[in-house]
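Visitor: Give me coordinates for this.
(one chain, ligands or ions: 2)
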Amino acid sequence: MGVSDPQDVNAARVRVWDAPVRLFHWAIVLLIVTSWIAADQGYMRVHLWSGSAMLALLLFRITWGIVGSSTARFGDFVRSPRAAFRYLYSLGRGEKPLHAGHNPAGGWMVVAFLALLTAQVTTGLFSNDGLKFMGPLALLVSADTSDRITSLHGTIFYCLLASIWLHLVAVFFYLLVRRENLVGAMLTGSKPRHLVPEGAAPRFTRAWLAWAILAICAGIAGWVVRSQ
Ligand code: HEM
Ligand code: HEM
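Guide: Ligands and ions are numbered 1, 2, ... in the order given. All right, here's what the predicted structure looks like:
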């Protein structure tokens, strides 16, 4: 698999996030806002479009979690629940454990977001608006089932909103209490060297592979959405 050249070990900043992870992050933020406003205003074509883009991005991110750069991989950041609690406990004691990518608690947040968003998009595909719009797969189930799934689609969104609040509280906790600007890293891709464990050297998968995977995922999402 294409891996880019190693980083300069003396540089003041260490590259931790690749462009695909950062683009994925800010794209889902934009798509959630778009989906929300579109559903609220009854622009269901826009809602379908943003939901389809979300489906493509989720398929991409899950694949990138297997073949992508080291900090993007599930194998790198999904730890045991025990490790996550240990990490939170050490934070509570005022210790400053460092991680190049997601910390063990943040890793579970990523898993929760990916699961919630997958559930959001999947239920959306089977939902209807009670008027004339039907999700692309709604005809595969009975009208009653589609109605029940639509209500689940709404409930999952509240869980998503709650998770987003928690996520923002965590990000601001790091910024204000720990003086660690994680947002800057999610924007630029790099962290100051003193905030990265000594000797940590993330490996980056080449960007062309991300584009190729994204194109395939967009094709799959397009096929699902037009399969009615
Ligand atoms: C719709 C709202 C949001 C959702 C659903 C969301 C979701 C996520 C997800 C899934 C990740 C993991 C990225 C990956 O590995 O692919 C992440 C990381 C991150 N997000 Fe968000 N995010 C949202 C809004 C924001 C906002 C508004 C900010 C900044 C103020 C932010 C800051 C961050 C940061 C700093 C990380 C990296 C955390 C770390 O260092 O482990 N997020 N977010
Ligand atoms: C292809 C994917 C999707 C389809 C086909 C879809 C379809 C639908 C449908 C048919 C409704 C019912 C509208 C109504 O009752 O007037 C709905 C509502 C909604 N959807 Fe989606 N959706 C999708 C993805 C998403 C995504 C990704 C989000 C947000 C992350 C989202 C958030 C919402 C919200 C907030 C509502 C309003 C719920 C409520 O009023 O209780 N949807 N969607």
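Visitor: How far off centre is the longest helix anywhere in the chain?
Guide: Secondary structure of the chain per DSSP state H: the longest helix is helix 143-176. Distance of helix 143-176 from its chain centroid, counting by CA atoms, centre = their mean, to the nearest Å, is 13 Å.
Visitor: I'd like the next helix or strand past it.
Guide: helix 182-188 (DSSP states H and E).
Visitor: Go through the longest helix of the chain and flag the buried ones.
Guide: 146, 149, 150, 152, 153, 156, 157, 160, 163, 171, 174 (16 or more other CB atoms under 10 Å). Where C-beta positions appear, they are placed from N, C-alpha and C, glycine not excepted.
Visitor: So the fifth one versus ligand 1, what's the distance?
Guide: Right, the one you point to is residue 153. When distance is defined by CB to the nearest ligand atom, to the nearest Å, residue 153 is 16 Å away from ligand 1.
Visitor: for the closest residue to that residue other than its chain neighbours, what are its contacts?
Guide: Nearest residue to residue 153 in three dimensions, chain neighbours excluded: residue 123, at 4.1 Å (CB to CB, 6 or more residues apart in numbering). With contact set as CB atoms under 8 Å, 6 or more residues apart in numbering, residue 123 has these partners: 149, 150, 152, 153, 156.
Visitor: Which residue, other than its chain neighbours, is closest to residue 27?
Guide: Distances taken as CB to CB, 6+ apart put residue 57 closest to residue 27, at 5.9 Å, once the chain neighbours are dropped.
Visitor: Does that neighbour touch residue 30 like I think?
Guide: No - using CB atoms under 8 Å, residue 57 is not in contact with residue 30; the gap is 10.4 Å.
Visitor: For the two, indicate the residue with more neighbours.
Guide: residue 57 (23 against 12; other CB atoms under 10 Å).
Visitor: Which strands or helices does the strand or helix carrying the more buried one pack on?
Guide: Secondary structure from DSSP H and E places residue 57 in helix 44-67. Secondary-structure packing of helix 44-67 (3 or more CB pairs under 8 Å, 6 or more residues apart in numbering; DSSP states H and E): helix 19-41, helix 104-125, helix 207-225.
Visitor: Next, the buried residues of that helix.
Guide: Buried residues in helix 44-67 (16+ other CB under 10 Å): 44, 47-61, 63-65.
Visitor: Also stretch 193-206?
Guide: Buried, per 16+ other CB under 10 Å, within stretch 193-206: 195, 196, 200, 202, 204, 205.
Visitor: For it, measure first residue to last.
Guide: 23 Å (CA to CA, to the nearest Å).
Visitor: Please state the mean pLDDT value computed over that stretch.
Guide: In this model, stretch 193-206 has an average pLDDT of 92.
Visitor: Ok, stretch 87-105 next?
Guide: Stretch 87-105 comes out at a mean pLDDT of 93.
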